[in-house]
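> Pasting the sequence and the predicted model now:
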Amino acid sequence: MARDTGIGARVKRVEDQRFITGKGRYTADLNRPGQAHAAFVRSPHAHAKVGSIDKASAMEVPGVLAVFTGEDLAADEVGALPCGWAITSKDGSPMVAPGHPCLAQGKVRYVGDPVAVVIGETLSAARGGAEALEVEYEELPAVVDLDAAQSSDAPLVHDEAARNTAFEWELGDKAATEEAFAKARHVTRIDLVNNRLVPNAMEPRAAVGEYDSGTDGFTLYTTSQNPHVARLVMSAFLNIAPEHKLRVIAPDVGGGFGSKIYVYPEETVCVWASSKVDRPVKWTCDRAEAFLSDAHGRDHLTHAELALDEQGKILGLRIKTKANVGGYLNLFASSVPTYLYATLLSGQYDIPAIYAEVDAVYTNTTPVDAYRGAGRPEATFVVERLIEVAARETGMDPAEFRRRNFVTSFPHQTPVIMMYDAGDYAASLDKALELIDYSGFAQRKSQAAREGKLRGIGFSTYIEACGIAPSQAVGSLGAGVGLWESAEVRVNPVGTVEVLTGSHSHGQGHETTFAQLVADRLGIPMTNVAIVHGDTDKVQFGMGTYGSRSGAVGMSAISVALDRVVAKAKKVAAHLLEASEGDIEFKDGQFTVSGTDRSIDWTSVALNAYTAHGFPSADLEPGLKEGAFYDPTNFTFPAGCHICELEIDADTGHTRIVNWVAVDDFGEIINPMIVEGQVHGGIAQGVGQALLEHTVYDESGQLVSGSFMDYTMPRADDLPSFSLDFTVTRCPSNPLGIKGCGEAGAIAAPAAVINAITDAVGHEDVAMPATAEAVWQAIRKSPAREAAE
Amino acid sequence: MTSVSMTVNGKPASGEVEPRTLLVDFLREHLRLTGTHVGCDTSQCGACVVHVDGTAVKSCTTLALQCEGADVLTIEGLAQGDQLHPMQEAFREHHALQCGFCTPGMIMSAIDIINRHGGVPDETTIRHELEGNLCRCTGYHNIVKAVIAGGEAMAPGRAAAE
Amino acid sequence: MYDFNYHRPSSLDEAVTLLGQGEDVKVLAGGHTLLPTMKQRLAAPSDVVDLSRIAALKGIEATEGAVRIGAATSHADVAASGEVRNRIPALAALAARIGDPHVRNRGTLGGSIANNDPNADYPAACLALGATIVTTKREIAADDFFVDMFETALDEDEIVTRVDFPVPRRAGYAKFPNPASRYALVGVFVAEGGDGIRAAVTGAGPCVFRVPEMEAALGHDFSPAALEGIKVDAGGLNADIHASADYRAHLVGVMARRAVEAALEGR
């Protein structure tokens, strides 16, 4: 077959044809016959008791069909949205995680918390009804400030959660870490804010719920990264319908970044309400609603310390983090600041002792959950800021300091659970230093100074744990699900192939990369391969796409299923060639009897598998279709080095990134073009966090930065073109050697930016987002300037 | 209800609309041209960009009635049969899209940039000109490359007279 | 958005008549302020009068010592106009940086100044250039036109028809954009015209304002250096999540120096 579509080739994307011609099919594009529209009434208060709701006030609006409240859901025993990962506090007590009612049950806990839904003939009617609905609130004092939320006099978000604390968790060896600090020659201490982010996938969430009274079955079209998980939660926890009566379809989805993993109140209510009004019910989120109701990301306060010996070797690391979880503990929210965070605190470094304490804290704000990177950007920010500051404090070159402490032999067991399986951290650092011309930096800095600009350089040698995740491992850590992936390879009689995958593509290009793998392995053209995903009626089960798992886990499942298909096809070929199965070789789409010129091609084998004429009945079944559930043996550990070089306009504090080098080790790469795109986008989100994106609540819990007028999304002119390269150490933990690439940029970038800004201004007191004003203030505080004044 | 008539993608299109009907809703709901998207409600994201009488506008901030008699071009009207517009081709060639949601508006804006500059401006100018279009997936790197390549293909060899 | 009655007059007289009828009549120019406000249900006019088909409101005309710009002229047309670029390049440069390309294609001069958003760019140009705002009723000096935040001297039934910008000896505009909205966080327009130097600041305060100390200093020495040491009092300036009053006050100084540089370079 043509090598230009094989593994490693820069194949143009299959899915692009529909997207560039306006033929993509997103949820909001769907109109079902007879559909009605839903509009949600949301709490205007951060914290309040909900009193009486006068449905008649909305029903009077022309075109309003129905109004439903939490009482109606309760009457139907519709459950609350659960947190799916159990965390145990250090005192042995379970986390305190009251469910999130889809419509308020007596109380609202953040601005935007859904209170009621109005169903209308038209969207305008529904919205008019929602506006007219009279709801009585008794306002309660709100707790908004994370740092103050655990104080004894803070109002309680949940009566059950004393001191607003969901759990107080620890990881690592406290005594060993204290010992390491006791003998340290130098201790670096920093306090960090990891700013709250609003995911803002460009496609707002949407849902169409449809009930068929003829079959008593439901269909939900929704913007989901994992439709099977949505179905599972709606069946097992929310009591909407049993799984065999609920079909969930996630068609084209316009970006997720984590925010579309979760099951949300709105989609649940749409599918439930469709049976109540016996019409399809459609809801499309507007951006203002998205700001309030999409799960947010990050939001940590951390104190971190690093202990060093006299040679600059790291002896120990300890951190204390408060993680804001918002008004409810969302679906994966408990895992993000714990097992996806503290387990990465060893970074790329050989650190003998680590101890982490994490408090998960409720506030009257939008729930926080996984957002691109999910815990790992927070960990990387802590580690890479500590490393950079430690290098500066001890007068060492930050690149050299890193090199001195890198893990160099594998496998490497860290003190925080993870077993790094493969990597070469010095290789990516060296390549990055060369690409950015590190030795020429001093000269560039003085040149910039002559032009009135402050130039800085910052490193981030990050690591992440991807390929989420071995089911046994995550089960032992509290996960409510296994994190394997499924695949089914169906070969048609004419030799074309359909691959059903439990992964979901919402920008990642699976229809291309997965087809590359299949074409490569079966020796058939990519055009003869279709990737099917996002429909629970077609794909039996799957765990979806997040945590950079679709390559390492999803494609590995396809790989195993392909092995099984080839094994079966060899049996068919052996029968047709009248040879022994063990003598059949399969290469480039040809089955050959070893050592002979007798062969048969793929298409003929496929056809004969279905005609099945003359098959010996017992040994050889007709058909050619195999499936696999692939469970990874370990996490994967993508790692790399990002270097940011920037210039600051000292007069205004405006920062311009002038050079960005990223050298990543993602293991084997299926399609470099797509991988580069993932890195570009990740960096942009990381730069957004570091420089621009600022989620601001006022004291009463109103989201002040609730639109694109006030929340700064990275634009084209905020970013440079990036210089990318790769190093490759093959991942030994999956059949394809893949590590994953989707989150790396977002994980690496914030620390690189802040390390560069602090380098430029000459001190460490710069918080994210480093807006122009923040940097201007930092310049005014810089020691050099203070000395001069 | 008020009647509105315009030309959309070269064909006459008309309908009865409420005065408040936005152009984007007329395109999406009345004509079922769902390639034009809505990504925000403050005229920032640019997912809804179409051309009205040859200039790029945000169809979420334009009433359908304002376009009475106008010539409207949407993403669906760019290709000539199977022949993609050079900018569409460039977006595919340079992997300038991932989830695809911002893509229609991005392509319509890109064509407008090249048209207005009478050729391909430099990278800095292109980045500045893209400020009315948000993309959350690509980091813009490949979009900028595609605009340059698509612009070259639209007007070969013509650097913009800046 | 609530529904409304839509009117598309073809003459100014017709438009003025329509403004006098209906309980809450709003003028629709480019729509880039009105429509987002209506979409958020923050405005609910009974009637909307679309000015886009009134030919008399469009166009750019050069006269002796001035450039006359029709109120319904788009920012893009001002930015691209040879007359404006040749005679008041700072005004063309200002128009070229309003909002984004799509906003510039629809947004109009008249719509911008009639709204008098404290962060809009045009008010600074009008005030610094000593422009005259011509309406369906009268001529209003820019000094008298911009009254307060979102408030102008316009009567309810009065429509801006054009703005006459005197051609300055030199002028420059510098803007520090709000990174999210791209409105002016602070914009300073400096012009040297027939009646001396005028420096107008937008974005920093509730309404566009002049800085007499800067004007006096530039009157003696039209150079960035002349502005060194002149501090604008932060008291009374805007403070929000995007910038403190102190930072805005500081930026006024920086943008003023850059505006002078631009004026000296003729851009």
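Great, that's in hand.

> measure the most far-flung residue of chain B relative to its centre to chain C for me?
What lies farthest from the middle of chain B is B:Met1; by Cα atoms, centre = their mean that is 27.8 Å. Distance from B:Met1 to chain C, counting by Cβ to the nearest Cβ, to the nearest Å: 10 Å. C-beta here means a position set from N, CA and C on the backbone, and glycine is covered the same way.

> Confirm for me that that residue is in contact with B:Val17.
Yes: B:Met1 is within contact range of B:Val17, at 6.6 Å (criterion: Cβ atoms under 8 Å).

> Look up the closest residue to the residue nearest to the spatial centre of chain C, ignoring the ones flanking it.
Most central in chain C under Cα atoms, centre = their mean is C:Tyr122, positioned 1.8 Å from the mean C-alpha point. Spatial nearest neighbour of C:Tyr122, excluding adjacent residues (Cβ to Cβ, 6 or more residues apart in numbering or on different chains): C:Ser112 at 4.4 Å.

> which helices and strands sit right next to the helix or strand harbouring the one you found?
Assigned by DSSP states H and E, C:Ser112 falls within helix C:109-115. Using 3 or more Cβ pairs under 8 Å, 6 or more residues apart in numbering or on different chains; DSSP states H and E, the elements in contact with helix C:109-115 are strand C:66-70, helix C:75-80, helix C:122-129, strand C:160-166.

> among these, which is the most enclosed?
helix C:122-129 (a mean of 29; mean count of other Cβ atoms under 10 Å in any protein chain shown).

> Let's test this: mean pLDDT of that one, rounded?
For helix C:122-129, mean pLDDT is 98.

> In contact with the closest residue to chain B within the stretch 51-200 of chain A, which residues?
With Cβ to the nearest Cβ as the measure, A:Asn200 is the residue of the stretch 51-200 of chain A nearest to chain B, at 6.0 Å. For A:Asn200, the contact set (Cβ atoms under 8 Å, 6 or more residues apart in numbering or on different chains) comprises A:Ala290, A:Phe291, A:Asp294, A:Tyr711, A:Met713, B:Arg136.

> And the last one, how far from A:Arg372?
Put plainly, it is B:Arg136. Using Cβ to Cβ, to the nearest Å, B:Arg136 is found at 10 Å from A:Arg372.

> One more: the first one?
Taking Cβ to Cβ as the measure, A:Ala290 falls 16 Å from A:Arg372.

> ok, the two, which is more surrounded?
A:Arg372 (29 against 23; other Cβ atoms under 10 Å in any protein chain shown).

> Please list all residues in contact with the more buried one.
A:Arg372 makes contact with A:Pro199, A:Phe257, A:Gly258, A:Gly297, A:Gly682, A:Gln685, A:Gly742, A:Glu743, A:Ala746, according to Cβ under 8 Å, 6+ apart.

> Most neighbours among these, which one is it?
Greatest neighbour count in the contacts of A:Arg372, by other Cβ under 10 Å, goes to A:Ala746: 32 neighbours.

> how about low-confidence regions in the stretch 151-267 of chain C?
Within the stretch 151-267 of chain C, no stretch has pLDDT under 70.

> Quick check, the residue in it closest to chain B?
Using Cβ to the nearest Cβ, C:Arg182 is the residue of the stretch 151-267 of chain C that sits closest to chain B, at 6.4 Å.

> Could you report the neighbour count for that residue?
Counted with other Cβ under 10 Å, C:Arg182 comes out at 22.
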